[in-house]
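Peer 1: requesting a structural model of the entry that follows:
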Amino acid sequence: MRCFLVATLFFAITQVSLLQAQGPKLSIQGILKKANGDAVTDGTYNVIFKLYTVTTGGAALWTEEQPAVDVISGIYSTVLGNTTPLSISFNQLYYLGVTVGPMGSTEMTPRIQLTSAPYALSLIGNTNQFPSSGAVIADSIRVNGGVLARGGAPGANGANKNGFAFTTNNGDKDSGLFSTANGQVSLYSDNVKTLTVTPDSVAIRKDLRLNNNANINYNGLDDWRLVDTDYFEGAMNYDGWKEFAKSSENIGWNTGGTGTDPYYFSVPNGMQGVHIRPLNNNSVLKKSFNLASVGTYNYIKVKFNYYYLDRWQGDEGTDKSFAAIAKDVNGTGMVIGYMYEGKETEQYPEFGPDQGGGQTNFGHANDWTGANCCWSDFFDNAEMVFKKCDNCNDTFWLMFGASLTTTIKNYGVGMIEIWVK
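Peer 2: Reported below is the predicted structural model:
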């Protein structure tokens with residue numbers, strides 16, 4: 001047997017077929033000749049096949065012994081992987097070593113390089129890899145037709161092997177698109193469902209964040225979007241609001257300058273919210289808002305709480321509150337968008353009969369300031385809607401004030417929100 005040579009080795013079919021029970025297979029055909037060039041005697045021979053990544057030396061990646069290979073006129077045909085599974089990826093060049101005889105016999109030389117059918121060259125290029133098992137690597141993929149994936153949630157680190165997972169950027173295979181029920185598609189991030197789409201609805205797990213120029217549209221109409229808030233949270237936080245005192249006979253709305261910080265910053269209990277109030281009840285609270293950074297809009301809505309402090313004679317028409325918009329601090333183009341007569345905020349006759357001492361069954365709220373002058377049982381949750389000013393450079397002034405008969409009465413504002421659409 002030592003005089004036998006492998007003169008030629010033909011790969012009649014260089015396909016790797018994925019047989020579920022048997023594993024990958026590789027069909028080959030070769031010729032065995034004696035040293036003098038004559039074909040070996042017809043019969044069956046013990047043949048050992050080995051695959052290497054080098055032409056000489058090195059360790060075999062795979063070995064298979066076939067004890068009864070039929071040889072006729074020196075030609076044999078067999079299938080590699082018949083007895084030992086071909087557990088290699090075929091993502092690089094391999095060399096086949098052939099030994100005729102029992103294990104330990106001398107391997108014939110030279111080893112034969114496995115070659116590809118012409119069209120198979122597209123599967124293994126410089127960077128493309130389409131192995132029989134493991135990861136498939138390609139420079140780019142274009143799918144002509146449908147793509148199917150297993151249904152269900154991904155499981156931690158993609159343990160369920162479902163859906164379309166993203167593994168780039170050190171991904172953990174559980175972020176991607178998955179179908180978790182009939183007629184439902186879900187987007188997962190780190191195995192957490194963040195968005196669910198059905199034929200009837202789209203559900204988002206947490207916040208929906210839009211860019212400045214983005215709107216939510218219903219039936220062709222844009223909805224309001226919140227762009228600024230003044231909740232006055234935090235010690236002595238005025239959020240840029242200033243108090244403007246009255247000048248001569250004019251009320252404070254038409255006075256300019258820089259103003260001063262509001263006199264009082266109140267933190268009431270519970271749901272009433274934080275509010276600011278002026279030192280003098282005939283002063284006006286003002287602030288400029290610039291909306292140049294909020295994107296495209298045509299209309300502005302201001303929502304706020306107006307607090308009525310002490311006993312207003314609103315029912316008698318003598319005390320009034322107001323909120324207004326203007327083009328500048330001096331009140332140019334000022335328009336009053338809110339006015340209310342207030343309430344007798346130390347008592348509410350309409351909530352029950354007088355129980356004596358000027359009090360009713362309803363009573364009054366906690367004393368916010370520690371002085372009997374400043375009880376407030378009432379605030380009005382109000383809003384104003386107006387059109388964007390054409391020549392104001394996205395700026396408008398918001399003003400709050402009151403017309404009150406005595407100095408002991410006062411007002412406050414809080415929970416201010418600016419909306420646009």
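
Peer 1: quick one, what contacts the spatially most central residue of the chain?
Peer 2: Geometric centre of the chain, nearest residue: Thr194, 7.4 Å, by CA atoms, centre = their mean. For Thr194, the contacting residues are Leu187, Tyr188, Ile204, Arg205, Lys206, by CB atoms under 8 Å, 6 or more residues apart in numbering. Where you see a C-beta, it was placed from the backbone N, CA and C, and this is true even at glycine.

Peer 1: any idea of the mean pLDDT for stretch 84-96?
Peer 2: The predicted model assigns stretch 84-96 a mean pLDDT of 85.

Peer 1: just stretch 391-408 next, same as before
Peer 2: Averaging pLDDT along stretch 391-408 yields 91.

Peer 1: that older thread, mark which of the contacts of Thr194 are buried, thanks.
Peer 2: By neighbour count, with 16 or more other CB atoms under 10 Å, these hold Leu187, Tyr188 as buried.

Peer 1: so Lys193 is in which element?
Peer 2: For Lys193, the host element (DSSP states H and E) is strand 192-197.

Peer 1: how far away from the center of its chain is that strand?
Peer 2: Offset of strand 192-197 from its chain centre (CA atoms, centre = their mean, to the nearest Å): 10 Å.

Peer 1: where do the strands sit along the stretch 201-350 of the chain?
Peer 2: With DSSP state E, counting those that start in this stretch as the criterion, the stretch 201-350 of the chain has strands at 202-204, 217-218, 221-222, 225-230, 242-244, 264-266, 275-277, 284-290, 299-309, 320-326, 335-340.

Peer 1: please work out which of those strands is packed deepest.
Peer 2: strand 275-277 (a mean of 26; mean count of other CB atoms under 10 Å).

Peer 1: helices or strands next to it in the packing?
Peer 2: If you count contacts as 3 or more CB pairs under 8 Å, 6 or more residues apart in numbering; DSSP states H and E, strand 275-277 packs onto strand 264-266, strand 299-309, strand 410-420.

Peer 1: partner strands of the second one, parallel or antiparallel?
Peer 2: If I follow you right, that is strand 299-309. Using DSSP bridges, strand 299-309 pairs in its sheet with strand 378-387 (antiparallel), strand 410-420 (antiparallel).

Peer 1: with only the CA atoms kept, save it in CSV.
Peer 2: Output of strand 299-309 as CSV, limited to C-alpha atoms (Å, rounded to 0.1, in the frame of the first residue of the first chain):
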residue,chain,number,x,y,z
TYR,A,299,-50.8,79.3,18.4
ILE,A,300,-49.9,79.6,22.0
LYS,A,301,-51.8,78.4,25.1
VAL,A,302,-51.0,79.5,28.6
LYS,A,303,-52.4,77.3,31.5
PHE,A,304,-52.1,78.5,35.1
ASN,A,305,-53.5,78.5,38.6
TYR,A,306,-54.7,81.9,39.9
TYR,A,307,-54.8,82.0,43.8
TYR,A,308,-57.3,84.3,45.6
LEU,A,309,-55.8,85.3,49.0
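
Peer 1: relative to strand 335-340, how tilted is that strand?
Peer 2: Computed by axes from the mean of the first three to the mean of the last three CA atoms, to 10 degrees, the angle separating strand 299-309 from strand 335-340 equals 40 degrees.

Peer 1: from the chain's centroid, how far away is strand 299-309?
Peer 2: On CA atoms, centre = their mean, the centre of strand 299-309 falls 33 Å from that of its chain.

Peer 1: out of the helices and strands packed on strand 275-277, which is closest to Gly158?
Peer 2: strand 410-420 (42.3 Å; CB to CB).

Peer 1: and Ser105, which of the helices and strands packed on strand 275-277 is closest to it?
Peer 2: Using CB to CB, these put strand 410-420 closest to Ser105, at 86.7 Å.

Peer 1: so the closest one versus strand 284-290, what angle?
Peer 2: Going by the same axes, to 10 degrees, strand 410-420 makes 10 degrees with strand 284-290.

Peer 1: and Thr332, what does it touch?
Peer 2: Counting by CB under 8 Å, 6+ apart, Thr332 has contacts Ala326.

Peer 1: what residues go with each domain of this structure?
Peer 2: The chain resolves into domains spanning 5-117, 156-204, 228-420 when parsed by automatic domain parsing.

Peer 1: most tightly packed of those?
Peer 2: domain 228-420 (a mean of 17).

Peer 1: other residues contacting stretch 41-50?
Peer 2: By CB under 8 Å, 6+ apart, stretch 41-50 touches 32, 60, 62-73, 76, 78, 80, 96-103, 105, 107.

Peer 1: so, low pLDDT: which residues of the stretch 151-300 of the chain?
Peer 2: Within the stretch 151-300 of the chain, the ranges that satisfy pLDDT under 70 run 247-252, 264-270.
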